[in-house]
Structure formats: C-alpha cells, structure tokens
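1. Predicted model, plus sequence, below.
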Amino acid sequence: MDQKMCFRAKVYIGFIVAGGAWAVYCAISGWHSDDLPRFLCYLALCILASGLKVNLPGIQGTMSVNFLFILIGVSQMGLGETMAIGCAGTLAQCIWKAKSPIKAIRLLFSVSSMAIAVTGSYVFCDFVSLKRAPSLLLAVALVFFFMNTVPVAVVVALTEERRLSQTWRDCYFWSFPFYIVGASIAWLLCLVSRSSNWLTSLLLMPILYLVYRSYRAYLSRLEDEKRHSAQLAEAQERLMTLSRQAGMAEIATGILHNVGNVLNSVNVSTALVAGRIRESRVGKLVSLIHMLEEHSGDLQEFLAKDPKGQHVLPYLAKLGAHFQSERDDLLAELESLSSHVDHIKQIVATQQSYAKVSGLVENVRLSDMVEDALRILEPELVRHKIQVERDFEPLPTIAAEKHQILQILLNLLRNANQALKQAGEEEGPVIRVRIRRLGESRISLAVRDNGVGLPPENLTRIFGHGFTTKINGHGFGLHSCALAASQMGGSLRAESEGPGRGATFTLELPLKIADGVEKRA
C-alpha cells in the first residue's frame, strides 16, 4: 500500500486484516475434507491459474481467473478447503511475477479481503439455503464480486481522496461480465463432476486459458480506447489553443491595421498643421513691426501722411482676420488630431480588455461586445461604405468566455465585409446584427449580409477544417469558430438562399445568467 496513505485508510486496513484473520481462524478450526485428492488438485490448479493475471486499470493491482475455483469450492467443498484455495491463490497472484516490490501490508490486506469474501459467499449460500446448488452459482458470483472488489476500492478512494462509486466503477465494473462467465464455467464443471467423476471436469480446464485471453483482449481494447480518447482530447486541446492563438493574432493584426489607418489620418492632420504654420504670415507681421519701430519718433505723422503708413491700419485689419481664420483652422485640425488619438486609445483599450481574459468566464453584455467588435472594424466598414443595422433584444448580463465570443464576432463581421465587396448596385452594402432570446435557456446572435451568398452544398462544408471559398483563405477561421462555439455549449450555423442572395451566420449560446443578476421573466 502507499506509504503516504491517510489515517482513515490505515484504520480501515486494520479492520480488514482483523476481520480476515478471524475468518481464517473460523474456517481452519472447522476444517474437514470429504475428498482430499480433489482438494489438492483444485488447490494446485488455482495456484497455477493465479499466474494468468492482468493489470487492473487505474490502480496498482491485478486480477486472475482463480476465482473460478473459489466458486467451485463454495458449491462443492467445505469452508476450510475453499478458504485454503482462496488464500493460496491470492498469495500466488500477488507474488508470482510481481512487477513491483512485494509489500507485507499489501499482501496481508489482499489475503484478508479474500478471506472475508470467501466467508461472505459461503454464509450467503447457507443463509438462503442454496448450499451446493450449482445452478445458482450466478448469485454467489455476484456476492463474491462485490465482497472481493469493494474493499480494495475503498482503500484507493480513501488514499487518493476519490469518490468510492467512481473508483469502483473505473477499476472493477468492467470485469463483472467475466465473473458471470466464470460462474457459468464453474456451474458446468460442477454438473460434469456430479454426473460422472470430478476428474472428468478437468478436461474443461483449457477454457480457463480462453477466459484469460479474453481478459487480456478486453483490457487491451480498453487501454487502446482510453489512449485514443486521451490523444483525441489532447489534439482537440491543441487545436483550441491554436484557435485561440490564431484568434488573438487576427485581433492583433486587426488592431495594428486599424491603428495604422488612424495613424495615416494623424499624419495628414499633423502635415496640414505644419504646412499652415510654415505658410503663416507671421513674418509679414514682424516686418511691419520693424517698419513701425523705425518711425517710432514720428509715428503719428507717418501713419497720416506717408503712403506706406496710410496702408498700415487696413493691412493690420486684413492680417488680423487672416490670423483669426488661421487659428480656427488650426484648432479644428488639432481637434481632429485629438479625436484620432482618442480613437487609437479606444482601439488599444478594447484589445487590452480582451487580451487578458482569454479562456476565462466573466459577466458580459452581448450588445456591448458587438459594439466593441464593430469599433475594432470601424475603419474597414467606413472605407467600404458599409451600413450597419442593429436589432438588439434586451438581454440580461450573461456569464461567457468574452475572448471566444469576440473572436467569433470579428470573424463573422470580416467575412461579411469581404462578401459585400461583390454586392450588387441595386442595394447598398448592409450588415445586419441581430440579438435574440430563444426561450429560457438559449440566446442567438446573427450576422447577415447582402453579399455574394453561399450555395447549398457549402452551408455545412464551410465549417470544415481547410475548406475556404476565398482566394487567399486558409480554411481555419470558421472551423475554429465552430469549435469555440461547441466548447461553450453552443453552435454556429450558416444559412443562405443561394449565390447572390446574401448569407446569415447564427451563433447560439446557452443563457447563463451572470452572478448577482436577477433572471428576467
């Protein structure tokens, strides 16, 4: 047993060892044998069968086909003989070809739990008056199965702090059909030995090897399925990690692209401001001041009689009007520049608010997330003159993975933007975003465009990995979005009336009301 087992497990093992010792004592004290050669033969066969063992899944333990002789003993022999067969078989199973060092406490516990299981099975037969009824060995097998497996499961559950039912089900429940098969074989052996001689029943012993082989084949299949499931889960986790990274890269790329667009406007504004300053008439004002300083002694006469002086005041009036107009233009350009800087701050702030919550569930408003996505893509939508129509049904704050939803939204909106580049002239490019509540447990977010549309055969294929309708597409975006929606307990589907008729992508999610928010009627 584990050297670091808890105190409760040690106490429990102590009770099992004490109970097993008492069971062995009671069995040996009443020893008798009606047929000693048969007993010795079955004892030898049980010890040999103990070598036909398999490792149990999930714990350090083995199981062999020796239980078949214990069932025969319960049906045909005395308690002392059956106890000797059971304990000897358990010792052989623990020692024979042990893959780990043999520990005395583990050996003692295994023998003790076997002694209790043998005694319990024997008492069950006597209690229900079924002693030596081979046809009812199935009931005995059921009792022996539980009494032989539950004690070990209890120790594992106490030591590893796992639920007993889950531990027992994972480690032993798979073997129950083999106990039933073993009971059937034991019943057949009993029938043969009763109808002729017990030696004749030995001809059926090769069946034990077939049972052992079926053990190994079944466990091998279980291990393969478990390994395959683990590999599949690992692959899916890697794919989701790649999906998140790809989503974050797309968001970062979009942020850089949008910031670059705004920076172009910033550069235009700063160039205009610099140009206006360079072209300013401040130099002429300085020249006028120098001329007035030269006539500071006769300034009044200069302004009144000199031809140049007579033009000073009108020129100052025009110059003042020009400076005022120039100031207004510069203020307007600086306000525009300030607006562009604020836009950059908003874009970066939006990115930061999502970059730090990847994979975490938090309280969000779906409408606010749509606005965040539209704000990130605003330069692209404005450049392509795309009109955005909003149809939001009021919803409570929900608990969801904010980053995952943003990734899906940005992907759907970008796809709609690209589809609208080929929209007809009869109707301007429009993206409609609709939020609806579906009953009490679901919500939907639909992104519809009047772009190129989809043929019917692509409505499901478009979510497959590697499938794309774009010239430079990689076929990963919608696939990762579908995986993300599924991971959140939702779904993503596409609808279209055909090529040239636009398309609608609908994200459905479970309605999980955020903590502290009262659910609406």
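-> Happy to help now that I have it. Numbering: from 1, shown residues only.
2. Measure how buried the residue lying closest to residue 162 once chain neighbours are set aside is and give me the count.
-> Leaving aside its chain neighbours, residue 162 sits nearest to residue 156 (7.0 Å; criterion: C-beta to C-beta, 6 or more residues apart in numbering). Backbone N, C-alpha and C define where each C-beta goes, glycine included. Applying other C-beta atoms under 10 Å, we find 23 residues neighbouring residue 156.
3. heads up, I number from 3, so please use that
-> That works, and once the first residue is 3, the last one we named lands at residue 158.
4. Quickly find the element holding residue 158.
-> Using DSSP states H and E, residue 158 maps to helix 139-162.
5. Equivalent analysis for residue 383, please.
-> Going by DSSP H and E, residue 383 is part of helix 380-385.
6. And for residue 396?
-> Under the criterion DSSP H and E, no helix or strand holds residue 396.
7. One more: residue 23?
-> Assessed by DSSP H and E, residue 23 sits inside helix 9-31.
8. in that helix, what's buried?
-> Neighbour counts over helix 9-31 (16 or more other C-beta atoms under 10 Å) mark 11, 14-15, 18-19, 21-22, 25-26, 29 as buried.
9. For residue 387, state which of these is nearest.
-> Residue 387 has its nearest neighbour among these in residue 11, at 72.6 Å by C-beta to C-beta.
10. Just give the nearest non-adjacent residue to that closest one, would you?
-> Closest to residue 11 by C-beta to C-beta, 6+ apart is residue 160, at 4.0 Å.
11. Just to be sure, residue 511 is in a strand?
-> Yes: assessed with DSSP: H, G, I helix; E, B strand; the rest coil, residue 511 lies in a strand.
12. out of everything not next to it in sequence, what's closest to it?
-> Nearest-residue entry for residue 511: residue 492, 4.0 Å, with adjacent residues in sequence omitted and distances by C-beta to C-beta, 6+ apart.
13. Just the pLDDT for the one you found.
-> If you check residue 492, the pLDDT there is 91.
14. Check whether it really touches residue 510, as I assumed.
-> Yes: using C-beta atoms under 8 Å, residue 492 is in contact with residue 510, at 5.0 Å.
15. what does stretch 119-127 rub up against?
-> 25, 28-29, 72-73, 75-77, 81, 84-85, 88-89, 132-135, 141-142, 145-146, 149-150, 153 (C-beta atoms under 8 Å, 6 or more residues apart in numbering).
16. Mark which of those residues are buried, thanks.
-> 25, 29, 72-73, 75-77, 81, 84-85, 88-89, 132, 141-142, 145-146, 149-150, 153.
17. Would you agree residue 118 is in contact with residue 21?
-> Yes: counting by C-beta under 8 Å, residue 118 does reach residue 21; the two are 5.3 Å apart.
18. Give me the three-state assignment for residue 501.
-> coil.
19. For it, give me phi and psi.
-> phi -60, psi 140 (degrees, to the nearest 10).
20. what about the closest residue to it other than its chain neighbours, neighbour count?
-> The shortest distance from residue 501 to any non-neighbouring residue, by C-beta to C-beta, 6+ apart, is to residue 455 (4.8 Å). Residue 455 has 19 neighbours, counted by other C-beta under 10 Å.
21. just so I have it, where are all the strands in the chain?
-> 55-57, 64-66, 363-366, 389-394, 400-403, 432-440, 444-451, 493-497, 505-512 (DSSP state E).
22. Which of these sits closest to residue 294?
-> Taking the strands of the chain one by one with C-beta to C-beta, strand 389-394 is closest: 58.9 Å.
23. Within the sheet, what are the partner strands of the closest one, with directions?
-> In the sheet, strand 389-394 lines up against strand 432-440 (parallel) (DSSP bridges).
24. which residues sit against the partner strand?
-> Strand 432-440 has contacts (C-beta under 8 Å, 6+ apart) with 368-369, 372, 376, 383, 388-395, 397, 415, 418-419, 422, 445-452, 510, 513.
25. Could I get the buried residue list for it?
-> Counting neighbours by 16+ other C-beta under 10 Å, the buried set in strand 432-440 is 432-437.
26. gap between it and the chain center?
-> Strand 432-440 has its C-alpha centroid displaced from the chain centroid by 28 Å (C-alpha atoms, centre = their mean, to the nearest Å).
27. Alright, calling it a day.
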